[in-house]
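In: Dropping a prediction and its sequence here:
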Amino acid sequence: MNRKLRVRQAQTVLPFGVGAVFDIQGESFVATGIGDWPRLRQAVASPRLAARLGVSGFFAAPATLNDRFDRADAPGAPYIRFPSWLFCGACRRMVRRRITDEKPGEPPTCSSCTPKRRLAPMRFVQICAAGHLGDVDWWFWAHARLDTAQRQSCGSREQLRFRVSDRATGLEALSVSCAAPGCGARRDLLDILGTHGMRCSGRNPWQRVSEAVDCVKPVQVVQRTAGNLYYPVVHSALSLPETDLPTAGGEELAGRVRDSDYWVPLCKATGVRAETLRDMIKEDTGAEDTLLDALLSEETGTGTAAHPDGTHLASGASGASAAGSDLRREEWAALTAAEPLTTREFSVRGSGLGLDGETTEPWAGLHRRMGRVVLADRLREVRALSGFSRVSPDAAIVPADTSRRLRWLPAVEVFGEGILLTLDPAALTAWEQQPAVRSRVAGLRADLDRSFQNDRLQVLTGPELAPRFVMLHTLAHLLVRQLSFESGYTTASLRERVYARPEHDQYGILVYTAAGDAEGTLGGLVQQGEPPRLAETLLRMAEAAAWCSADPLCSEHTGQGFGNLNRAACHACALLPETSCETGNTLLDRALVVGGGGAPGFLEPIVAAARAAAAQE
């Protein structure tokens, strides 16, 4: 019985990167550390991201050549069977499968049944906050309620049975028993989830016994597909045209920056103090952020010392927290440049809504609130995995290279297209200065300050959560959902990048299709950004967002979602697949876009005008 198991190259970073459990065709595997990767791998170029993360470069797993490339010695991202405890659905016998038992191309089968039956993996595993993963000690579980003498009298640790009772339901119907002669120990799985005093192995399944450490973290038993089993730390960057610093007057300006009294403190500062020193130098010398970033990179060797911002889906890794500020500022500058540079990997052009000279509502109001539209015909994004955590996102980070000998990270490059939508800066500033708006965001900011995700999200929002970030973030979600209807792309194929830092003069969102296959490069999204399609899409989006099937409960909610980090946002109106959102579906409030809860929405006049126009027809 031969079978071929496949994982796409892009999936080796997310969602089945190092440390992730991967279910396929009734079998379960875990991705090993990059120290076990083959030498035959593809280089992925991204100098900006490599400099920010302080690594030598990135590599992708070898791509499959054809459908017959499934050989035991073929190079590829390695996965090993996990959990190693399997059971037979016919005789209920439990077997511990070892690497030496594996036969290429053949699934594990029960040796006691005729005809042979395929073995299924046990559905429960154990994890700890130090990032370790292991099998549940099923022998201990079955014998846990016996005294020490009775346990020692059991003559075998391998004669276990995984049984199902037809007299109960749920986990109570499942039990593990010992079939050793004279033992008969048995315990159901009613209270299997949680902590039970089991010991942590101090390692992950792909690590050797010699690599184990003494771990005192409490062990938690969870399902192998549980959400808290794996929190990847993924960083991303767009490939931008390489530009040199201006030479005419550039050296003189750089000299003034270095001679500034604030330059040395800036090179050593972090956090809000670094941003303050940057602003003081910019005011004194007239230097731009791009020049400061380049000089800091030259001075510090990494360019990250003074920029405490974040990267896509970063989960608090210290090396990542300083990366995104430079990357996002550079991306925003490249996307909004008056005369953008075009390369094979980066091609953008200006566009608009096609509403110039429009005097009728709601089109005139929409034109007043929107800014430039930039269409990206070609984008390249590099996504790199630096590590992962278990139990909670703020737990200890396990590096992708568990041996800690390598200086490169696993990554994948994806190509796509996108639409950059900006708002009118004057209208946006006037809206977010309204007391009702600031009061509503203040409550969300207070919940964020109390959340364990504060550090992770602050690298995206900045030191203070601004109303424009919540509104633009929600607008991006609503636009993605509407574009999935208009363009035919699935919501999981579309992604967002929010540029909403007021201290960096950002006021836009990028919706793009950087998918790992041809679907992201078909041109359909850019076509939807052409006038007048985008204006019509925005109007339909605003009208649809004004009503949710969960209203009035959704619109009047004072805190929903994990940690109460959302307001008027639920699965029926604003949430997206986790891979499409930068913040994990947090910091969303539909009321700030279309109004509600006593707060004026940025597009609320558009919705009112559209309803009035429809009533007159």
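Out: Right, received. Where do you want to start?
In: Which of the helices or strands spans A384?
Out: strand 370-389 (DSSP states H and E).
In: Quick one: distance of that strand to the chain centre.
Out: 13 Å (C-alpha atoms, centre = their mean, to the nearest Å).
In: Please apply the same query to stretch 29-41.
Out: 21 Å.
In: Report the buried residues of that stretch.
Out: 29-37, 41 (16 or more other C-beta atoms under 10 Å). From N, CA and C alone the C-beta is placed, and that goes for glycine too.
In: Now render those residues as a markdown table, adding pLDDT.
Out: Shown next, in a markdown table, are those (pLDDT from 0 to 100):
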| residue | pLDDT |
| --- | --- |
| F29 | 95 |
| V30 | 96 |
| A31 | 95 |
| T32 | 95 |
| G33 | 94 |
| I34 | 94 |
| G35 | 91 |
| D36 | 90 |
| W37 | 91 |
| R41 | 86 |
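In: what's stretch 135-152 in contact with?
Out: Outside stretch 135-152, the residues within contact range by C-beta atoms under 8 Å, 6 or more residues apart in numbering are 82-85, 94, 96, 122, 124-126, 154, 157, 160, 176-178, 183, 185-187, 192, 196, 198-199, 205, 221.
In: Which among those residues count as buried?
Out: 82-85, 94, 122, 124-126, 154, 160, 176-178, 183, 185, 187, 192, 196, 198, 205, 221.
In: Return the subset of the residues you listed lying in strands.
Out: Of the buried ones among the contacts of stretch 135-152, the ones assigned to strands by DSSP state E are 85, 94, 124-126, 160, 176-178, 187, 221.
In: quick revisit: now, which of the buried residues of stretch 29-41 sits nearest A612?
Out: Of all those, A31 has the smallest distance to A612: 55.7 Å, by C-beta to C-beta.
In: for that closest one, what are its contacts?
Out: Taking C-beta under 8 Å, 6+ apart, one finds 12, 16-20, 22, 77-79 in contact with A31.
In: and with 6 Å instead?
Out: 16, 18, 20, 79 (C-beta atoms under 6 Å, 6 or more residues apart in numbering).
In: What's opposite it in the beta bridge?
Out: Legend: beta-bridge partners of A31 under DSSP bridges are Y79.
In: Can you tell me how far it is from P78?
Out: 8 Å (C-beta to C-beta, to the nearest Å).
In: next one: A334
Out: 37 Å.
In: So for the longest helix seen in the chain, what gets flagged as buried?
Out: For the chain, the longest helix by residue count, based on DSSP state H, is helix 467-487. For helix 467-487, a neighbour-count test (16+ other C-beta under 10 Å) marks 467-484, 486-487 as buried.
In: From A269, how far off is the spatially closest residue to F388 that is not a sequence neighbour?
Out: Computed as C-beta to C-beta, 6 or more residues apart in numbering, the closest residue to F388 that is not its neighbour in sequence is G19, at 4.4 Å. G19 sits at a distance of 34 Å from A269 (criterion: C-beta to C-beta).
In: Those two - which one has more neighbours?
Out: Between G19 and A269, G19 has the larger neighbour count (other C-beta atoms under 10 Å), namely 27 against 18.
In: In a helix, the more buried one, correct?
Out: No - assessed with DSSP: H, G, I helix; E, B strand; the rest coil, G19 is coil; it does not lie in a helix.
In: Could you check how far it is from A411?
Out: 16 Å.
In: Could you pull out the strands in the stretch 451-600 of the chain for me?
Out: 495-499, 508-512 (DSSP state E, counting those that start in this stretch).
In: quick one: the nearest residue to R93 once chain neighbours are set aside and F58, what's the gap?
Out: Nearest residue to R93 in three dimensions, chain neighbours excluded: S112, at 5.7 Å (C-beta to C-beta, 6+ apart). Separation of S112 from F58 (C-beta to C-beta) stands at 47 Å.
In: related to what we said a few turns ago, verify the stated contact: the residue nearest to F388 with S386.
Out: No - contact criterion C-beta atoms under 6 Å: G19 and S386 do not qualify, at 11.6 Å.
In: is Y512 in a bridge, and if so with what?
Out: Bridge pairing for Y512 - DSSP bridges - gives G418, R495.
In: what sits against it?
Out: Contacts of Y512 by C-beta under 6 Å, 6+ apart are 379, 416, 418, 495.
In: what kind of secondary structure is the second one in?
Out: In this case it means G416. With three-state DSSP as the basis, G416 sits in strand.
In: change the start of the numbering to 415 and stick with it
Out: In the new count, where the first residue is 415, that last one comes out as G830.
In: That one contacts L924, correct?
Out: No - taking contacts as C-beta under 6 Å, G830 lies outside contact range of L924: 10.8 Å.
In: Which residue, neighbours along the chain excluded, lies closest to N642?
Out: V805 is the one closest to N642 (C-beta to C-beta, 6+ apart), at 5.6 Å.
In: ok, that neighbour - how many residues close by?
Out: For V805, using other C-beta under 10 Å, the count is 20.
In: Please determine how far it is located from L428.
Out: 19 Å.
In: swap in A1026?
Out: Taking C-beta to C-beta, one finds A1026 at 45 Å from L428.
In: who has more neighbours, these two?
Out: L428 (19 against 11).
In: hang on, the earlier thing: between S526 and F472, who's got more neighbours?
Out: With neighbours defined as other C-beta under 10 Å, S526 and F472 compare such that F472 has more, 25 against 12.
In: what bits of the stretch 765-914 of the chain have low per-residue confidence?
Out: Filtered on pLDDT under 70, the stretch 765-914 of the chain yields no residues whatsoever.
In: rerun that using 90 as the cut-off
Out: 771-772, 806-808, 817-819, 828-830, 865-874, 876-877, 899-904, 906-907 (pLDDT under 90).
In: First residue to last residue on stretch 759-768, what's the distance there?
Out: 27 Å (C-alpha to C-alpha, to the nearest Å).
In: Repeat that for stretch 913-926.
Out: 14 Å.
In: Residues contacting stretch 839-855, please?
Out: 783, 881-882, 884, 921, 1012-1013, 1016.
In: And stretch 792-806, by the same measure?
Out: 427, 431, 433, 458, 460, 463, 472, 541, 543, 545, 642, 644-653, 731, 759, 761, 809, 811-814, 823-830, 832, 926, 928.
In: so where do the helices sit in the stretch 565-714 of the chain?
Out: Taking DSSP state H, counting those that start in this stretch as the criterion, the stretch 565-714 of the chain contains helices spanning 664-673, 677-682, 685-699, 703-714.
In: Next, format these as a markdown table and append mean pLDDT and mean neighbour count.
Out: Converted to a markdown table, those look like this (pLDDT from 0 to 100; neighbours: other C-beta atoms under 10 Å):
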| stretch | mean pLDDT | mean neighbour count |
| --- | --- | --- |
| helix 664-673 | 76 | 14 |
| helix 677-682 | 82 | 16 |
| helix 685-699 | 85 | 17 |
| helix 703-714 | 72 | 18 |
